[in-house]
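Trainee: 3D model of this:
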Amino acid sequence: MRRIISILLLVIVTFGICQSLAKIPFGTPKTKVGGRYINEGVKETGAANIVTSVVLSYRGFDTLGEVTILFIASIGLGAVLGSVGKKTVTKTEPASFVLSTGCKILFPLILVFGAYIFIHGHLTPGGGFQGGAIIASAYLLIYLGCRQRRVSQTAYMTLESLGGLSFVAAGLVGLAVSGYFLANFLPRGTVNLLFSAGIIPVIYIAIGLKVGSELTGIIDNLVEES
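Mentor: Residues are numbered from 1 along each chain as shown. Alright, predicted model coming up:
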C-alpha cells in the first residue's frame, strides 16, 4: 500500500513539474527589459559593468532596501547577544606563529583589495557588497591571528552611519536635481575610465564602507570570550 501511495505521489509531483516547465517561455524572451539593459545600459548610466548599472541605477531603490535589511540584521544580532558596550578583552591562548605573522602581513593587503573591488565596481565584476565582505574578512583574520586586538566599536559604527547617510543623501540630491530618487546627476564621463558613471562609484564606496563595517560588527559580536 505504501508503495502504491509513493508511486502516486511521485506521478503527481512529476506531472506538476512537467506542467510548470511547459509554461516557461524558452527561446526568445517575451520581455524587452533585459535587452534594454544590455543595449542602452552603458549609454544611459556610463557604467561598463551592466550588472552595476542595474543594481545601482535601474533598481537602486531596491539596493537601498537590501542594505537596510543588513543593517537591521546587525542591530538584531547585537540586541540578541546583549553585548554591545559590555565587551572586555580577556587573556586568550595566543595563535600560532604562522597565523599571527600572516594576519599582520595580510591585513592591510586585504583592506586594499576590498577597497579596490568596490571602487572599481562600475568597471569590473564586484562592487560594494563584495568589497565590504572582503574588508570584513580582514578583521576576521585579525580576530583569529591577533586575538588580543579588537576593532573599535565607535569606528565601525561611525563608518556604518556615514555609508548609509551618504547613500540616502545621494538619492535625495538626485531627487532635488532631477525629480526622482537616486537620479544620476553627476557627469557620466568616459566609459571604462575610473572617473565615470556619475554617482554610481560614489554609492558603491558608501555601500562598501557600510557593508564592511556592518559585517565587522557582526563578527565582533560573535567573537567568543573566554
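Trainee: ok, the closest residue to Phe129 other than its chain neighbours - contacts?
Mentor: Distances taken as Cβ to Cβ, 6 or more residues apart in numbering put Val211 closest to Phe129, at 5.4 Å, once the chain neighbours are dropped. To be clear about C-beta, it is placed using only N, CA and C from the backbone, and glycine gets the same treatment. Val211 sits next to 67, 70, 128-129, 131-133, 136, 163 when contact means Cβ atoms under 8 Å, 6 or more residues apart in numbering.
Trainee: For the residue nearest the centre of the chain, which three-state class applies?
Mentor: The chain has Phe129 as the residue nearest its centroid, 1.9 Å off, counting by Cα atoms, centre = their mean. Classification of Phe129 using DSSP: H, G, I helix; E, B strand; the rest coil returns helix.
Trainee: you'd agree it is up against Ile207?
Mentor: Yes - using Cβ atoms under 8 Å, Phe129 is in contact with Ile207, at 6.6 Å.
Trainee: Which strands or helices does the helix or strand containing Tyr156 pack on?
Mentor: Element membership of Tyr156 [criterion: DSSP states H and E] is helix 153-178. Packing partners of helix 153-178 (3 or more Cβ pairs under 8 Å, 6 or more residues apart in numbering; DSSP states H and E): helix 60-81, helix 200-222.
Trainee: what's the closest non-adjacent residue to Ile219?
Mentor: Leu140 (5.3 Å).
Trainee: What's the local residue count around the one you found?
Mentor: By other Cβ atoms under 10 Å, 17 other residues sit near Leu140.
Trainee: Run through who's touching the helix or strand harbouring it.
Mentor: Here Leu140, judged by DSSP H and E, is contained in helix 128-145. Helix 128-145 has contacts (Cβ under 8 Å, 6+ apart) with 95, 99-104, 106-107, 110-111, 113-119, 121, 149-151, 203-216, 218-220, 223.
Trainee: how about a cut-off of 6 Å?
Mentor: Helix 128-145 has contacts (Cβ atoms under 6 Å, 6 or more residues apart in numbering) with 95, 99-100, 103, 107, 110-111, 114, 117-118, 149, 151, 204, 207-208, 211-212, 215-216, 219, 223.
Trainee: And that helix, what's buried?
Mentor: Residues 128-143, 145 are the ones in helix 128-145 that count as buried (16 or more other Cβ atoms under 10 Å).
Trainee: just stretch 16-27 next, same as before
Mentor: Applying 16+ other Cβ under 10 Å to stretch 16-27 flags no residue as buried.
Trainee: tally of neighbours for the nearest residue to Pro187 once chain neighbours are set aside?
Mentor: The shortest distance from Pro187 to any non-neighbouring residue, by Cβ to Cβ, 6+ apart, is to Gly198 (6.6 Å). Here the count is done by other Cβ under 10 Å, and Gly198 has 23 residues near it.
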